[in-house]
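*Asks:* got a predicted structure plus its sequence, pasted below:
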Amino acid sequence: MKKLFILSILFPLVFLSCNKDPEPEPEVIRAYCYLHHFVPELESVTWVVDDIETPDDLIYGGLIPGAVVLEAASEEISFIVKNSETGEVLESRVLLLEEDKYYKVIICGSKEDPLLLFQEVETSRPQSGQVKFQILHAAPGQDSIDVYMGGTSPDKRVISELDYKELSDPFEVQDYDVIAAITISIHSEEYNQDSVLLTSIYNDLIVSGASYLAVVAPYTFDPLSELTFWLYDLPLE
């Protein structure tokens, strides 16, 4: 039986002893998972990883970083997501995890039509002066979207026609472009000001050389709340 460990307890304090040498710790095989919740209408969900519930429910827009202890270099592990209020299972999948690899596991969609997304994190570093992104469209009721960074001319379109509940491929963008401006609009062949869903300028918190998961989704679990560009750090080599 495995257990999902919260990362904050993976690295306990080391106490030095002068009396005897510390005993060697047994080798532990781990895979690392980042659990996300983007199902509007649900304030929180419960994750069950290989029959073990996470210590706390995951609130909408929240993140649980954790590690799964494996019995071999690769192993199939079950992931179940439940409605925290009713206990109803939203999604359930068996996923293949590999030693020392990182994974995004995202529940999105709606209560009636949820989707569990699973993908290995690409941990290679972006080129100098650039920032790496993956973008998830999790805004219910919206058609496919376009994403612009650094302006709204055709050469600034970094994503075209991203469908609802779709996760883009990783891509890189110049740091000064993404820091200057991010614009999300309903897909159109040419930029249309009337189709803009949200704009974010002076994004000083974005760091050159970093890697991010970005989610276009409501600001709260109320599906009618304004859209927000959620941003999460991803691990790098």
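*Replies:* That came in fine, so what should we check first?
*Asks:* who are the neighbours in contact with residue 81?
*Replies:* Contacts for residue 81 (C-beta atoms under 8 Å, 6 or more residues apart in numbering) come out as 37, 45-48, 89-92, 107, 114, 116. For glycine as for every other residue, the C-beta is placed from the backbone atoms N, C-alpha and C.
*Asks:* filter those down to the buried ones.
*Replies:* 37, 45-48, 90-91, 107, 114, 116 (16 or more other C-beta atoms under 10 Å).
*Asks:* now, the contacts of residue 81 that are in helices?
*Replies:* Among those, no residue falls in helices (DSSP state H).
*Asks:* between these, which is nearest residue 221?
*Replies:* Ranked by distance to residue 221 (C-beta to C-beta), these are led by residue 37 at 8.9 Å.
*Asks:* is it true that residue 97 lies in a helix?
*Replies:* No - under DSSP: H, G, I helix; E, B strand; the rest coil, residue 97 sits outside any helix and is assigned strand.
*Asks:* show me what contacts it?
*Replies:* Residue 97 touches 31, 33, 68, 70, 74-77, 103, counting by C-beta under 8 Å, 6+ apart.
*Asks:* any idea how far the nearest residue to residue 226 once chain neighbours are set aside is from residue 230?
*Replies:* Counting by C-beta to C-beta, 6 or more residues apart in numbering, residue 219 is the residue found nearest to residue 226 once chain neighbours are left out, at 5.4 Å. Noted for residue 219: a distance of 9 Å to residue 230, by C-beta to C-beta, to the nearest Å.
*Asks:* ok, residue 168 next?
*Replies:* Distance from residue 168 to residue 230, by C-beta to C-beta: 14 Å.
*Asks:* who's more crowded, the two?
*Replies:* residue 230 (19 against 16; other C-beta atoms under 10 Å).
*Asks:* tell me the contacts of the more buried one?
*Replies:* Neighbours of residue 230 in contact, by C-beta under 8 Å, 6+ apart: 38, 61, 214-217.
*Asks:* that one: which element?
*Replies:* Using DSSP states H and E, residue 230 maps to strand 227-233.
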